[in-house]
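# need coordinates for the below:
(2 chains)
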Number of protein chains: 2
Amino acid sequence: MKMILFLFSFIGVFPLNGCPIKNGLQDFHMGTFDKIAKEVAGYSDVAQKIIDLAVNGKAQNRSYERLANFTDTVGSRLSGSKNLDSAIQYMYNALKQDGLENVHLEPVKIPHWVRGEEFAMMLEPRNHTLSILGLGSSIGTPKEGITAGVLVVHSFDELHKRAREAKGKIVVFNQPFVSYGETVTYRALGASEAAKVGAVASLIRSITPFSINSPHTGWQDYQPNVPKIPTACITIEDAEMMARMAHRGKKIVIHLKMAAKTFPDADSFNTVAEIIGSKYPEQVVLISGHLDSWDVGQGAMDDGGGALISWEALSLIKDLGLRPKRTLRMVMWTGEEQGGIGANQYYNLHKVNISNFDLVMESDTGTFTPLGIEFTGNGESRAIMKEVMKLLQPINVTELADRGEGTDINMWMEAGVPGASLHVDSSRYFYFHHSDGDTVTVQNPIQMNLCSAVWAVVSYVVADLEEMLPR
Amino acid sequence: MKMILFLFSFIGVFPLNGCPIKNGLQDFHMGTFDKIAKEVAGYSDVAQKIIDLAVNGKAQNRSYERLANFTDTVGSRLSGSKNLDSAIQYMYNALKQDGLENVHLEPVKIPHWVRGEEFAMMLEPRNHTLSILGLGSSIGTPKEGITAGVLVVHSFDELHKRAREAKGKIVVFNQPFVSYGETVTYRALGASEAAKVGAVASLIRSITPFSINSPHTGWQDYQPNVPKIPTACITIEDAEMMARMAHRGKKIVIHLKMAAKTFPDADSFNTVAEIIGSKYPEQVVLISGHLDSWDVGQGAMDDGGGALISWEALSLIKDLGLRPKRTLRMVMWTGEEQGGIGANQYYNLHKVNISNFDLVMESDTGTFTPLGIEFTGNGESRAIMKEVMKLLQPINVTELADRGEGTDINMWMEAGVPGASLHVDSSRYFYFHHSDGDTVTVQNPIQMNLCSAVWAVVSYVVADLEEMLPR
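Residues are numbered from 1 along each chain as shown, chains lettered A, B, ... in the order given. Have a look, this model is predicted:
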């Protein structure tokens, strides 16, 4: 999940989000709604079959096992890397072998940034090796590294107030963690803000509420017409220690060496598989996760899980011999972590058919215990989705929360297409996010069974309703 | 905290532990007890003063700030290291400057093991760098490293059953975490058990219930007459991944390089400060933590906090102008992590005066939210301690749990001296234990204020009672 500031782009675009359903039902004849509600209720047997297969049946634990096999075999999958190429090839073969339809790859150009060797050591007031992870798109240091004094600040405000102290320094941001959406601004903009006041590098406290001296990487954005300086994340522990040292008046000196480099954009692919619709094959319910990850851990949570339950949803439907009226299209995106690159190119290519996109779905906040879905759409479609969620009563996952979210589906939602994201208990998500802790260990087969069931029931039922969701 | 298997050595030695108080009171005249209970209750004003000073007064946050200053300045403090020498010198000066009495160092010979460079890479089924920490006392590998196939086992039983597969292999132990006391056996004995069946190295899953790909080091024990093989801990994540790979029938090959080396024992010191008793100066209440740590993180939790609240207890008593009848002796032990080396030498030297040791106390499971104390002693002394704990009602820390514990005080308790350890909410202790996550960040000034108050009230009151605790 990239999720830089996108939350802010939502508000105001969908004034109906979060409003009581009735507001949206003004022109939605009660008779029509009753008919659809009855139609949805008619899927309770099918929903139960899907749930049984996913949770207790032959498909039990399959999404987890596929995830483990995939990520153990391939490892992490950074945009532009050989590992990502292998991952796409692996998935293409696996989807073919699973007997899904229209399995194909859609070419995309994606960023190719390489971390290279990196190293940071505090030289004063004492020698101490810092755990760092360079941030995506950062430039490297000169070959001999950068050795400079440190200015520790806790906010952009403090940086601006102390601008005169920053020249020639390495700026350390020790901002408190408020929420990912708010605090990630420091990772995204810290380097350019520091460069504006003459800093030679910036080190950002990792965007996480909890740490075992764990650095968390992620994308950062150089601003136009601002000098580019090297930037990396450091751990909460080291950021806090340097803040204490600075508060005591100690001089801090750091030696930073980073061989990070950006290469020309690389060839990659969005990976697609379908169950082709029986009645309206040109109409699409799109279900997705992203296949790329950061170059740490295994990318099992971000977003192996989302990709794998999307595949699993199609497998479950196929295994039951079901074929919805509309086409169920599964996409595993590429280059999400660099700003939804694969998904944006997909949108630009396919938006000509936007009226055929019934619902776009993405899972990208972990496949932990599911609570329901987050949904963006008008009041009528929200009322229908509420009925759909009732089908998940047998596993008690019925919540219909506000605001579908996902770097890869936001543009569709902003253009008016109903969108849904998997709503899970993500309380520990940011403990592991973009760190070496993002591995199969944090995933759980039972939780993934439930996520797969939700994903399959919602996508199948919406794809099989007689009418597309109102928008 | 070392805590290898010592829990087992207890049971049976103190049959009275955990028994209802009445059992121990058979010969304890009720009149005597009532008198002591009244005497203890008379300390409520003094206890309140100590609490006020520690929690709300001028000394508020002092133990935390001293801890932060100390560990930020010195860093980690491995037995035999220059850092440990600096730490002892730092403390000696600080205790002198604080105006404590009889500040002195008692010479001790301690192990001198050096980690050196270390590196482990999985070569098959794919390249993957393992996060490792060599275990204390491990030998190194040959200079060129060891490259060998892997046998993954989940228990000693499985190792013995599959003994024939172990020859020439690197044995990976992926034992589940049950409890530290039980599971640490794998860290302690894994290398020798693997060597007995012909393994060339062993890698032990870190002894922790939670991980962000974090290796946890610790001491290990080569058994006599068994070949010594290099041994390191790996992360839960890597241990589980290799177990999955092995289960799928994949061949795993690891390249391991460790430059670990043991040097002749080094000179070190236990650090001592006192408030000399006014009436029975030869009688002692001993209050302690250990100053050494592992060579990762800052040793802030294990056991900077314990050492610092012990100092703080004396400071609080001194600042209030109090002087107990008996001597209050604070000891910061050296070489605890190698098996209570400093404390054992202290015991052997001072046990000749064992009858003068009234109570021995250690804090070594973190200075988190205190719940009370854990106590080892007979029924009479337990009854008295229960009264003492009532003095901590104002901060609601009154629990008197069973079994005082601490590598550094166990021998005194086994010889019949009453012993107490600080009882805290240690639910996250092993998340950070012996890892780079053991830093000031996991400590909290408010919690440390409370711990200091408990430590000062208990030690002062027991040292000032007219009679020593019955034993």
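# which parts of the lengthiest helix in chain A are buried?
In chain A, assigned by DSSP state H, the helix with the most residues is helix A:445-464. Using 16 or more other C-beta atoms under 10 Å in any protein chain shown as the test for burial, helix A:445-464 gives A:447-464. Bear in mind the C-beta positions are built from the backbone N, C-alpha and C, glycine included.
# what about the closest residue in space to A:T369 that isn't next to it in sequence, how many residues nearby?
Closest residue to A:T369 in three dimensions, ignoring its sequence neighbours and counting by C-beta to C-beta, 6 or more residues apart in numbering or on different chains: A:D425, at 4.5 Å. Neighbour count of A:D425, defined by other C-beta atoms under 10 Å in any protein chain shown: 13.
# let's verify the residue lying closest to A:R248 once chain neighbours are set aside: helix, strand, or coil?
Once flanking residues are discounted, A:R248 sits nearest to B:N69: 7.2 Å by C-beta to C-beta, 6+ apart. Assigned with DSSP: H, G, I helix; E, B strand; the rest coil, B:N69 falls in the helix class.
# touching, B:N69 and A:H247? I think so.
No: the pair B:N69 / A:H247 is not scored as a contact, 10.7 Å apart, by C-beta atoms under 8 Å.
# looking at these two, which one has more neighbours?
Taking other C-beta under 10 Å, B:N69 and A:H247 do not tie; B:N69 has more neighbours (17 against 10).
# I'd like the distance between the more buried one and B:S179.
34 Å (C-beta to C-beta, to the nearest Å).
# quick one: mean pLDDT over stretch A:212-227.
Mean per-residue pLDDT for stretch A:212-227: 98.
# off-centre distance for that stretch?
17 Å (C-alpha atoms, centre = their mean, to the nearest Å).
# buried stuff in that stretch?
Neighbour-count burial for stretch A:212-227 [16+ other C-beta under 10 Å]: A:I212, A:N213, A:S214, A:P215, A:H216, A:T217, A:G218, A:W219, A:Q220, A:D221, A:Y222.
# what's the end-to-end length of it?
33 Å (C-alpha to C-alpha, to the nearest Å).
# hmm, back to that, out of the buried residues of stretch A:212-227, which are close to chain B?
A:I212, A:N213, A:S214 (C-beta under 8 Å from any C-beta of the partner chain).
# list the ones among the buried residues of stretch A:212-227 that fall in helices.
Using DSSP H, no member of those falls within helices.
# quick check: residues of chain A near chain B?
Counting by C-beta under 8 Å from any C-beta, chain A sits next to chain B at A:68-69, A:72-75, A:125-126, A:128, A:131, A:211-214, A:236-237, A:240-241, A:244-245, A:248, A:297-298, A:431-432, A:435-437, A:439-441.
# pull out the buried members of the residues you listed.
A:68-69, A:72, A:74-75, A:128, A:131, A:211-214, A:236-237, A:240-241, A:244-245, A:297-298, A:431-432, A:435-437, A:439-441.
# can you map out the strands along the stretch 1-150 of chain A?
Using DSSP state E, counting those that start in this stretch, the strands assigned to the stretch 1-150 of chain A run over residues A:101-114, A:118-124, A:128-130, A:133-134, A:146-153.
# and among those, the most buried is which?
Highest mean neighbour count of these: strand A:133-134, a mean of 26 (counted as mean count of other C-beta atoms under 10 Å in any protein chain shown).
# give me the contact list for that one.
With C-beta atoms under 8 Å, 6 or more residues apart in numbering or on different chains as the test, strand A:133-134 has contacts from A:115-116, A:118, A:215-217, A:230-233, A:258, A:260, A:296, A:434-435.
# which two of those residues have the greatest separation?
Across these, the longest distance by C-beta to C-beta is 19.9 Å; it joins A:P230 and A:S435.
# A:C233 against A:I204, yeah?
Yes: with contact defined as C-beta under 8 Å, A:C233 reaches A:I204; the gap is 5.0 Å.
# overlap of the contact sets of those two?
Shared contacts of A:C233 and A:I204, counting by C-beta under 8 Å, 6+ apart, come down to A:L135, A:R187.
# got the domain ranges for chain A?
A:39-113+A:264-464, A:117-259 (the TED database).
# looking at these, which is nearest to B:L359?
domain A:117-259 (34.9 Å).
# what ranges does the stretch 201-350 of chain A have for its strands?
Under DSSP E, counting those that start in this stretch, the stretch 201-350 of chain A gives strands at A:201-205, A:231-234, A:253-258, A:261-275, A:280-290, A:326-333.
# in a markdown table: the ones you listed, plus mean pLDDT.
Shown next, in a markdown table, are the strands of the stretch 201-350 of chain A (pLDDT from 0 to 100):
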| stretch | mean pLDDT |
| --- | --- |
| strand A:201-205 | 98 |
| strand A:231-234 | 98 |
| strand A:253-258 | 98 |
| strand A:261-275 | 98 |
| strand A:280-290 | 98 |
| strand A:326-333 | 98 |
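# can you lay out the ones you listed as a markdown table showing mean neighbour count?
A markdown table is the format used below for those (neighbours: other C-beta atoms under 10 Å in any protein chain shown):
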| stretch | mean neighbour count |
| --- | --- |
| strand A:201-205 | 29 |
| strand A:231-234 | 28 |
| strand A:253-258 | 21 |
| strand A:261-275 | 19 |
| strand A:280-290 | 23 |
| strand A:326-333 | 27 |
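# make a markdown table from the ones you listed and add distance to B:M1 to it.
Output for the strands of the stretch 201-350 of chain A, formatted as a markdown table (distance: least, C-beta to C-beta, whole Å):
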| stretch | distance to B:M1 |
| --- | --- |
| strand A:201-205 | 29 |
| strand A:231-234 | 28 |
| strand A:253-258 | 32 |
| strand A:261-275 | 45 |
| strand A:280-290 | 43 |
| strand A:326-333 | 46 |
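# so which of those gets nearest A:A313?
Proximity to A:A313 (C-beta to C-beta) singles out strand A:280-290 among the strands of the stretch 201-350 of chain A, at 5.8 Å.
# CA atoms only: put the closest one into CSV for me.
This file holds the C-alpha atoms of strand A:280-290, laid out as CSV (Å, rounded to 0.1, in the frame of the first residue of the first chain):
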residue,chain,number,x,y,z
TYR,A,280,-23.0,-9.4,-20.3
PRO,A,281,-19.4,-10.4,-20.9
GLU,A,282,-18.4,-6.8,-21.8
GLN,A,283,-19.5,-5.6,-18.3
VAL,A,284,-16.9,-6.1,-15.6
VAL,A,285,-16.5,-6.5,-11.8
LEU,A,286,-12.8,-5.9,-11.2
ILE,A,287,-11.2,-7.5,-8.2
SER,A,288,-7.5,-6.8,-7.4
GLY,A,289,-4.4,-6.6,-5.3
HIS,A,290,-0.9,-5.6,-6.3
